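Asks: give me a model of this one.
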Amino acid sequence: MIMVSLLLLSLGLAMDAFAAAVAQGASSRPSRATALRMSSAFGLAQAAMPLLGWGLGIAFAGIMATVAHWIALVLLGGLGLRMIKEGLDRHPDEAMKELSLWPLLIAAIATSIDAAVAGITLPMIGAPILLACAVIGLTTSLLTYPGVYLGALLGARIGKWAEVLGGLILIGLGIKIFVSQQFFGA
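Replies: Coordinates of the predicted model:
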């Protein structure tokens, strides 16, 4: 069950990066180099940020023990709602230029902020932190690379729905953590 929760979390967190990759592919002529740069930058950022969130969670462990399931529900639910709103607000014809180094790094960090927040909830899932970071980063990387090409094929219209799906997954995971801790103590 730990791996299923971790994979669902990874998929939910990867949707921002996937949506950005689809939008990039839809608005530019994608190349292998572009897809590889995006895949690497987004995957590394998504792998590193949960560690930061986890560290903050550890620093405040005493408080977290009594309210962690509420925090997971609020944080993951809030992130999910934000992703849904941003996905629905995005205009399908929004254009992007190919990202150079600094804008790419900024985009990678911006799309991984939710991974830092989700890192606070990782102890609730029960997965070892380094495994969780690796799975989150690898999932993001594996989805981002083909996302660039998918965007080129399908246009920008699909990018917003990928973000909405990611939001729904994060909300569902927050509810699962809350219910399992609140009612079953597991």
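Asks: pull the helix or strand with minimum mean pLDDT from the chain.
Replies: Within the chain, no helix or strand scores below helix 157-184, which has a mean of 72 by mean pLDDT, DSSP states H and E.
Asks: could you list the low-pLDDT ranges of this structure?
Replies: 27-28, 61-62, 64-65, 68, 90-99, 155-160, 162-163, 166, 170, 181-186 (pLDDT under 70).
Asks: what segments of it are helices?
Replies: For the chain, applying DSSP state H gives helices covering 2-27, 32-59, 61-89, 101-110, 113-119, 122-125, 129-154, 157-184.
Asks: dump those to CSV, plus mean neighbour count.
Replies: C-betas here are computed from N, CA, C, even on glycine. Formatted as CSV, the helices of the chain follow (neighbours: other C-beta atoms under 10 Å):
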stretch, mean neighbour count
helix 2-27, 24
helix 32-59, 20
helix 61-89, 17
helix 101-110, 15
helix 113-119, 24
helix 122-125, 22
helix 129-154, 21
helix 157-184, 20
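Asks: report the contact partners of P30.
Replies: Q24, V148, Y149, G151, A152 (C-beta atoms under 8 Å, 6 or more residues apart in numbering).
Asks: is A45 in contact with D114, as I believe?
Replies: No: with contact defined as C-beta atoms under 8 Å, A45 does not count as touching D114 (11.0 Å).
Asks: who's in contact with L7?
Replies: L7 makes contact with V135, T139, according to C-beta under 8 Å, 6+ apart.
Asks: run the last query once more with 7 Å
Replies: Contacts for L7 (C-beta atoms under 7 Å, 6 or more residues apart in numbering) come out as V135.
Asks: ok, now how distant is it from A134?
Replies: Separation of L7 from A134 (C-beta to C-beta, to the nearest Å) stands at 12 Å.
Asks: swap in A26?
Replies: Note on A26: its distance to A134, by C-beta to C-beta, is 29 Å.
Asks: how about G87?
Replies: For G87, the distance to A134 - C-beta to C-beta - is 27 Å.
Asks: ok, now L150?
Replies: According to C-beta to C-beta, L150 stands 24 Å off from A134.
Asks: residues touching the closest residue to A152 other than its chain neighbours, list them.
Replies: Leaving aside its chain neighbours, A152 sits nearest to G25 (4.2 Å; criterion: C-beta to C-beta, 6 or more residues apart in numbering). For G25, the contacting residues are G147, V148, Y149, L150, G151, A152, by C-beta under 7 Å, 6+ apart.
Asks: name the nearest residue to the fourth one, ignoring sequence neighbours.
Replies: This means L150. L150's closest residue in space is V22 (C-beta to C-beta, 6+ apart), at 5.7 Å.
Asks: isn't that neighbour up against A152?
Replies: No: counting by C-beta atoms under 7 Å, V22 does not reach A152; the two are 8.9 Å apart.
Asks: rewinding a little: just put the contacts of G25 in JSON lines and tack on distance to L56.
Replies: Putting the contacts of G25 into JSON lines (distance: C-beta to C-beta, whole Å) gives the following:
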{"residue": "G147", "distance to L56": "29"}
{"residue": "V148", "distance to L56": "32"}
{"residue": "Y149", "distance to L56": "36"}
{"residue": "L150", "distance to L56": "34"}
{"residue": "G151", "distance to L56": "34"}
{"residue": "A152", "distance to L56": "38"}
